[in-house]
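Trainee: Sequence below, structure please.
(chains A and B, ligands or ions: 2)
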Amino acid sequence: MQLLISSVCMALTSAVIGNAYYQKKQFYPAVVYITKSNASMAVIYIQFFVIVFMFGKLLRKIFLGTLRAAEFEHLLERFWYALTETCLAFTVFRDDFNPRFVALFTVLLFLKSFHWLAEERVDFMERSPVLGWLFHIRVASLLSMLGILDYVLLMHAYNSTLLRGPTVQLVFGFEYAILLTVIASTAIKYVLHAAEMRTDTPWENKAVFLLYTELVIGLIKVVLYLLFVVIMAKIYALPMFVFRPMFFTIRNFRKALNDVIMSRRAIRNMNTLYPDATPEELRQSDNICIICREDMVNHSKKLPCGHIFHTTCLRSWFQRQQTCPTCRLNILRAPAVNSTALPRAPGAADEPAAAVGAAPAAGQPGPANATGANASPAIAAPDVGLGRANGTPTGANAPPPSFAELFGDANGFPNLGGIPPPPLMPMLAPFMVPPPFAYFTPVPVPPPPMPLDLTKFTDEELRAMEGNQRKHIEERLQLLRNITLMLDSAGILMNQYQGLVARLPPTTVSTSATETTTSATSLADVASTTTLASTTSPVSSAVYDKPSTSTAAAAAAAAFAAKTQEAHQIKSVAPTIAATVTSTSVTDKITIEDLGADEDDVPTVAATDTIAATADAENEDSSELSELRKRRLKFLEERNKSPDSAERAASE
Amino acid sequence: MAGSALRRLMAEYKQLTLDPPEGIVAGPISEDNFFEWEALIAGPEGTCFEGGVFPARLVFPPDYPLSPPKMKFICDMFHPNIFADGRVCISILHAPGDDPMGYELSAERWSPVQSVEKILLSVVSMLAEPNDESGANVDAAIMWRERREEFNQIARRLVRKTLGLPT
Ligand SMILES: [Zn+2]
Ligand SMILES: [Zn+2]
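Mentor: Ligands and ions are numbered 1, 2, ... in the order given. Have a look, this model is predicted:
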């Protein structure tokens, strides 16, 4: 077919030339004759295109060999788009329209086609199992040749624009600049692919390099297009013919940018938050990475949902989407809570166990242990209570406290982040326990005790407390959230107490202790959950007064109860939750130690003093606190090892 | 070392050859391009496509399995979820994010967990139970919904055509 066309063309051309020469007998008149005759010119033009086409075929044979079907299809598609755009460009430059102009555009289209083919070829590298030397030589020479041509033509356009002012060369200069970027990105891709082929292991960072290449090239292209459009609009008219490619370029750039941002976030999450899969975990799973279907022997990561993948596979997936490939957990939305809770939750759960474990078994020397008991459920609810209880008597002469101070510095607590979000069950459980205290119910919720006596504050101080700027509200919201979290964890901890206490071996003292603890616990649960219920909803509505009041109410209720029971043997306003305080009121003689400490015959007053003294210090002194916690954990371990001895110790 | 996409495709090809699912044959058209496959799908039994063998072509992107392949039947098809040109429109072939119809659950979409085998099995079940909400071929969807007998007739004619029998 092509052969037929070209031979027909050849015949036509020779006929035209032969005719001219036959008529004029001389060279110059013959040329003039041909250029004067439209029909002859048409034939000559067609011949010109055929020659270009044949030349293109020759070059293609040299540099690319046979085209694959897909390559040819893409080439054709892009060629038609480029052709229509060229026709559009002609409308802008109709004044410059001459054969030279057409020739230049033909050369441009010609070169463009080879750029596309080179791009396709390099993309094909990734798909081809084996590539010979011929392929590399061809691609490398093609790329360098195209690069040099682009550069030469760009410089030519640039110089002619400088020389003669803006002409159609502006368009060519711009087009060749774009083509240069194309060649640059193709060459980078080629180098990356070739480098990967030479290694025996998958190259981890290739995808990242590719992504960044795309981003940078995209940026350059966008800038070029914008510049071109602005310049063209100033000198000629809006260049409609670049709008389509410009649109695609901007879209690609946006996508690349988005990909980079999202994947960076996801990969950062992956690197910092998710643990490497341990060999045991790999053995338990089927040890195949579901992304690449290969064994996981080297680095692999475990997502919060428990699914394990190669680190590299995950990284390239996260450049597309930030979800778990298996269960589609959105790792950008889910990670913080889940992942931090995972490694730390066991530790958090251990603490109350340690505290309770200590209860029936006599353990360490009194005062230290007592403080430890208070410290170890270092959850927040007690802290709130503490802040309240301590604040009540001293508030009057204290400097106007900030909101945060009034509530105790929740953020200061070291393990706050580690407290897992409340699971559903523990939250529901308290509701199932009927409040066993007839005593408690009639107690009216006392008014918010925060400003004991407003008259003691100056106007400015009051205003400072009432701050309603964004900062203040944010601070309050943050506080309320912390409080909610603390209360949740308090509820969970109390449930754990309950469970553990129920399982404890009955000892002489601990029977009564257990009873009170359980009842106290349930009370505390009720208290905390009611508070919680009232707290959670307003938090979102940014009303700060109500939640703070109701939260304070719980704490205040404790303080209130404690006050009314002054006749009883109140040992402390210790930070072990309202529950402790209420328990004193019921059992009269049960002391704080019953909840979490030893039953040693510590002089109660001494213990109280220590508690009172250390209570404040605890807030600041978290190192001491962790030290105590450590000691307690060790103690628990020992106890577990020798339950008998511990029991003996308890009964002594 | 070859690209990860190529290695995974080779692994899938091996798996499909060693343990082929019933009624499905698939593999690369030529061994030097693993990114274009041909598949033969037997019409599911008990449906109007029963007995037919439908050839289709799968084209894999360079970043497979991060992006889904494209699938196109290369025989005449008349089905609510197959475009007139043979392209298959089922959610497993769509990456989450690009939702041409706007109703697909992202849980059914493409993810690297999916595979050629799963795609082809989904296509088999799509043949058995068209999703008439998808507008790939509106005529077929309407006919399937309202004039089932006529639809079945066309399907049976297509089956005979794929087998090279006179229709
Ligand atoms: Zn992998
Ligand atoms: Zn998962």
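Trainee: Would you map the helices across chain B?
Mentor: Here chain B has its helices, by DSSP state H, at B:4-18, B:116-128, B:138-146, B:148-162.
Trainee: ok, and what's touching the third one?
Mentor: In this structure, residues lying in contact with helix B:138-146 by Cβ atoms under 8 Å, 6 or more residues apart in numbering or on different chains are B:78-80, B:82, B:130, B:132-135, B:150-151, B:154. For glycine as for every other residue, the C-beta is placed from the backbone atoms N, C-alpha and C.
Trainee: ok, which residues in chain B are in contact with chain A?
Mentor: B:1-8, B:10-12, B:15, B:31-36, B:59-60, B:62-63, B:65-67, B:95-97, B:106-107, B:111-113 (Cβ under 8 Å from any Cβ of the partner chain).
Trainee: Looking at these, which are in strands?
Mentor: B:33-36, B:59 (DSSP state E).
Trainee: Out of the residues you listed, which is nearest to ligand 1?
Mentor: B:Phe34 (17.8 Å; Cβ to the ion).
Trainee: number of nearby residues for that closest one?
Mentor: B:Phe34: 25 surrounding residues under other Cβ atoms under 10 Å in any protein chain shown.
Trainee: Low-confidence regions, the chain specifically.
Mentor: This is for chain A. By pLDDT under 70, the weakly predicted segments of chain A are A:129, A:201-202, A:204, A:298, A:334-469, A:497, A:499-652.
Trainee: think we crossed wires, I meant chain B
Mentor: For chain B, the ranges with pLDDT under 70 are B:1-2, B:96-107, B:134, B:167.
Trainee: Smallest distance to ligand 2 belongs to which residue of it?
Mentor: Counting by Cβ to the ion, chain B gets nearest ligand 2 through B:Val113, at 9.5 Å.
Trainee: Looks like that residue contacts A:Thr326 (just checking).
Mentor: Yes: assessed by Cβ atoms under 8 Å, B:Val113 is found in contact with A:Thr326 at 5.3 Å.
Trainee: Give the residues shared as contacts by those two.
Mentor: With Cβ under 8 Å, 6+ apart, B:Val113 and A:Thr326 have common neighbours A:Ile290.
Trainee: Pairing partners for the residue nearest to B:Glu22 when sequence neighbours are not counted in the sheet, please.
Mentor: Among residues not flanking B:Glu22 along the chain, B:Ala42 sits closest, at 8.0 Å (Cβ to Cβ, 6 or more residues apart in numbering or on different chains). Judged by DSSP bridges, the bridge partners of B:Ala42 are B:Val53.
Trainee: quick one, what contacts B:Ala42?
Mentor: B:22-24, B:52-54, B:124.
Trainee: Quick one: name the residues of chain A near chain B.
Mentor: Checking chain A against chain B by Cβ under 8 Å from any Cβ, the hits are A:68, A:70, A:123, A:125-130, A:193, A:196-197, A:199-203, A:290-294, A:313, A:316-317, A:319-321, A:323, A:325-326, A:328.
Trainee: Tell me the buried residues within those.
Mentor: A:68, A:123, A:125-128, A:193, A:196-197, A:202-203, A:290-294, A:313, A:316-317, A:319-321, A:323, A:325-326, A:328 (16 or more other Cβ atoms under 10 Å in any protein chain shown).
Trainee: Which ones among these map onto helices?
Mentor: Short answer: these in helices (DSSP H) are A:123, A:125, A:193, A:196-197, A:313, A:316-317.
Trainee: What residues sit buried inside the longest helix anywhere in chain A?
Mentor: Criterion DSSP H: the longest helix present in chain A is helix A:470-503. Of the residues in helix A:470-503, A:472, A:475-477, A:479-498, A:500-501 count as buried by neighbour count, 16+ other Cβ under 10 Å.
Trainee: domain ranges for chain A?
Mentor: For chain A, automatic domain parsing gives the domain ranges A:64-225, A:356-651.
Trainee: For ChimeraX, write a command that selects the buried ones of the contacts of helix B:138-146.
Mentor: Listed next is the ChimeraX selection for buried residues among those, using 16+ other Cβ under 10 Å:
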select /B:78,79,80,82,130,132,134,151,154
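Trainee: need the contact list for A:Val107.
Mentor: So A:Val107 contacts A:Leu153 (Cβ under 8 Å, 6+ apart).
Trainee: can you give me phi and psi for it?
Mentor: phi -60, psi -40 (degrees, to the nearest 10).
Trainee: and it, how far is that from ligand 2?
Mentor: Separation of A:Val107 from ligand 2 (Cβ to the ion, to the nearest Å) stands at 54 Å.
Trainee: Kindly report the same for A:Leu4.
Mentor: Distance from A:Leu4 to ligand 2, by Cβ to the ion: 61 Å.
Trainee: can you count the residues close to B:Leu158?
Mentor: B:Leu158, neighbours per other Cβ under 10 Å, totals 22.
Trainee: surely it meets B:Ile82?
Mentor: No: B:Leu158 is beyond contact range of B:Ile82, at 10.7 Å (criterion: Cβ under 8 Å).
Trainee: May I see the PyMOL selection of the buried members of the residues of chain B next to chain A?
Mentor: In PyMOL, this line selects whichever of the residues of chain B next to chain A come out buried by 16+ other Cβ under 10 Å:
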select buried, chain B and resi 2+3+4+5+6+7+8+10+12+33+34+35+36+60+62+63+65+66+95+96+106+111+112
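Trainee: show me what contacts the closest residue to B:Pro55 other than its chain neighbours?
Mentor: Nearest residue to B:Pro55, sequence neighbours excluded (Cβ to Cβ, 6+ apart): B:Ile74, at 5.2 Å. Under the criterion of Cβ under 8 Å, 6+ apart, the neighbours of B:Ile74 are B:55-57, B:86.
Trainee: got it, and A:Ile34?
Mentor: A:16-17, A:20, A:40-41, A:44.
Trainee: just the residues you listed now: which is nearest A:Ile308?
Mentor: A:Ile308 has its nearest neighbour among the contacts of A:Ile34 in A:Ile44, at 69.3 Å by Cβ to Cβ.
Trainee: still on that earlier bit, which of the contacts of B:Ile74 sits closest to A:Phe49?
Mentor: B:Arg57 (34.1 Å).
Trainee: can you pull the contacts of the closest one?
Mentor: B:29, B:36-39, B:71-74.
Trainee: Could you point out which of those residues is nearest to A:Leu153?
Mentor: For the contacts of B:Arg57, the nearest to A:Leu153 is B:Glu36 (35.7 Å; Cβ to Cβ).
Trainee: correct me, but the closest one touches B:Tyr64?
Mentor: No: at 11.6 Å, B:Glu36 does not count as touching B:Tyr64 under the criterion of Cβ under 8 Å.
Trainee: When you filter the contacts of B:Ala42 down to buried only, what's left?
Mentor: B:24, B:52-54, B:124.
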